[in-house]
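J.: Here's a sequence, model it:
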Amino acid sequence: MTAKSKRILVVILVALVTVFASLVFIAYEQTRGYARIEAEKLVVDMLLNHRAIHAYIAKVQRPEMYRLKQEGKLYEDYFSPKTMSFTYIARSIKEFLNEERKKEGMPQIYFKLATDNPRNPINQADAWESQLLKRMNAGEVKDFHEVIEKEGKQYLYAAIPIAPSDSGCLVCHGSPAAAPRELLDQYGDKGGFHEKLGTSRALISLRVPLDPLLASANGIFWWISIAFLLALSGLYGLIHFFIRRLDRSQYALVKANDELLHLSSVDYLTNICNRRCFTDGLDQMINHADRYGNPLSIMIIDLDHFKRVNDQYGHNAGDEVLKAFARLIGTQIRASDLFARWGGEEFIIAMPNQDQEKGMRAAEKLRHTVKENTFPEGIRISISIGVAIYGKGLSRDELINQADSALYSAKENGRDRVMAFGQREEPTTSG
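T.: You can find the predicted model right below:
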């Protein structure tokens, strides 16, 4: 995988991790909000249930008890909290409800009718409830909801005032003189009296456990988080797969282009530079020589009477000779020299930083090396070489033509020799 693709994948991974973290945070907040909403629903349900009980007692049960008194079926001073006290009845029903919830493995709900003036001490408001009741009667608070922690557990605490006292309420909560005798006998004349008309004498205090709902919400949260993780992992996996696939396609394309470039610049037989590769390289050497004034020489080499090799030994043997010749010359020249097959049995070498004297000396060395070497099938060959020196202002083609002209002179003068462009004297041979 390319470095660029790796960087892209790192950026995508960071982005997806950020998205995942954001989604997990949102899911966490939403699921905890879900627990709060479910607790609110339970509180509302309890309050509605409480109001229904209050309405039944106020509108049905008490009127019925008063009717029975008026008809003489009950004596005038009859009073029992089990039938007449809204507070007693409501608390008893909630106790039965909690017993049923316990049987079903459900958490119990705290319920209290809290007042500053209780008839039964268990309804005595604590400091917080007392302050809250005063604020409700003053109109500062209509109802109250807050998440609290108690003994290491979380609860949704809710409080709402009961309906303001009316004339029917004041029969039992007004003056002790007007209260039923049995009520006084049972509770005395101290607590629960002297309430004012139109005020709420108590508030309903509820505490709903949040931990079971939070546990359920956490379960939902983890399932959502896992789903997000799987989805984003799958997405990253797909992106990774397609980037790797694209990388492979690009690598194949680059490799094919490299192969095409290689084929276009390397001679297919000898695996050395071809004519196009050589002319491009020679142009760069000429530019360098022009800029820095360094010498530059080239030589064109021709294998003498190579047609005889093909005719006598066959073209396959001739090809092997050409390949062996290219390998041999490659071992004799410098790394900075540019060696190419010019065509057929002609080869060309560009030698930077070599003047005519050094170029001629290098050419003679190559001529001797080739003549003393034995090629495949025991074939022995000689070569003719034409040398040209670059002069400022010469074009590439002019320089090559000069070397070609020198080669022509070498061949005209009997082959197996080296001649420089413009050389007039009779060249020497190695015998």
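J.: For the rest of this, base every contact and every neighbour count on C-alpha atoms.
T.: Will do.
J.: mind listing the helices for the stretch 151-300 of the chain?
T.: For the stretch 151-300 of the chain, the helices defined by DSSP state H, counting those that start in this stretch occupy 167-173, 181-187, 211-265, 275-292.
J.: Quick one: closest of those to Phe144.
T.: With CA to CA, the closest approach to Phe144 among the helices of the stretch 151-300 of the chain belongs to helix 211-265: 20.1 Å.
J.: Go through the helices of the stretch 151-300 of the chain and name the closest to Glu40.
T.: Taking CA to CA, helix 211-265 is the member of the helices of the stretch 151-300 of the chain nearest to Glu40, at 11.1 Å.
J.: which of the residues in the helix or strand bottoming out on mean pLDDT in the chain are buried?
T.: Among the helical and strand segments of the chain, the one scoring lowest on mean pLDDT, DSSP states H and E is helix 167-173, with a mean of 77. For helix 167-173, the neighbour count (16 or more other CA atoms under 10 Å) marks 169-170, 172-173 as buried.
J.: Tell me the one of the residues you listed nearest Ser264?
T.: Closest approach to Ser264 among these (CA to CA): Cys169, at 109.0 Å.
J.: how close does the closest one get to Ala52?
T.: Separation of Cys169 from Ala52 (CA to CA, to the nearest Å): 17 Å.
J.: In a markdown table, list the helices of the stretch 151-300 of the chain along with distance to Phe193.
T.: A markdown table is the format used below for the helices of the stretch 151-300 of the chain (distance: least, CA to CA, whole Å):
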| stretch | distance to Phe193 |
| --- | --- |
| helix 167-173 | 4 |
| helix 181-187 | 10 |
| helix 211-265 | 40 |
| helix 275-292 | 115 |
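J.: least reliable of those going by mean pLDDT?
T.: Of all the helices of the stretch 151-300 of the chain, mean pLDDT reaches its minimum on helix 167-173 (a mean of 77).
J.: Alpha carbons of that one, as CSV, please.
T.: The C-alpha coordinates for helix 167-173 follow below in CSV (Å, rounded to 0.1, in the frame of the first residue of the first chain):
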residue,chain,number,x,y,z
SER,A,167,-65.4,23.0,53.0
GLY,A,168,-65.7,19.2,52.9
CYS,A,169,-62.1,18.9,54.0
LEU,A,170,-62.5,21.3,56.8
VAL,A,171,-65.1,19.1,58.5
CYS,A,172,-62.2,16.9,59.6
HIS,A,173,-59.4,19.5,59.3
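J.: circling back to that earlier point, ok, which of the helices of the stretch 151-300 of the chain comes nearest Met46?
T.: Closest to Met46 of those, according to CA to CA: helix 211-265, at 16.5 Å.
J.: so how far is the closest one from its chain's centroid?
T.: 9 Å (CA atoms, centre = their mean, to the nearest Å).
J.: what number of residues lie near Val60?
T.: Other residues near Val60 number 11, with proximity taken as other CA atoms under 10 Å.
J.: how near is it to Leu214?
T.: Counting by CA to CA, the gap from Val60 to Leu214 is 40 Å.
J.: what does Met285 give?
T.: Taking CA to CA, one finds Met285 at 80 Å from Leu214.
J.: Enumerate every residue touching Thr115.
T.: Contacts for Thr115 (CA atoms under 8 Å, 6 or more residues apart in numbering) come out as 123-125, 129-130, 133, 201-203.
J.: where does the stretch 51-200 of the chain have low pLDDT?
T.: Residues of the stretch 51-200 of the chain meeting the criterion pLDDT under 70: none.
J.: ranges for the strands of it?
T.: Counting by DSSP state E, counting those that start in this stretch, the segments of the stretch 51-200 of the chain that form strands are 110-114, 144-150, 153-161.
J.: what helices or strands is the second one leaning on?
T.: This points to strand 144-150. Counting contacts by 3 or more CA pairs under 8 Å, 6 or more residues apart in numbering; DSSP states H and E, strand 144-150 packs against strand 153-161.
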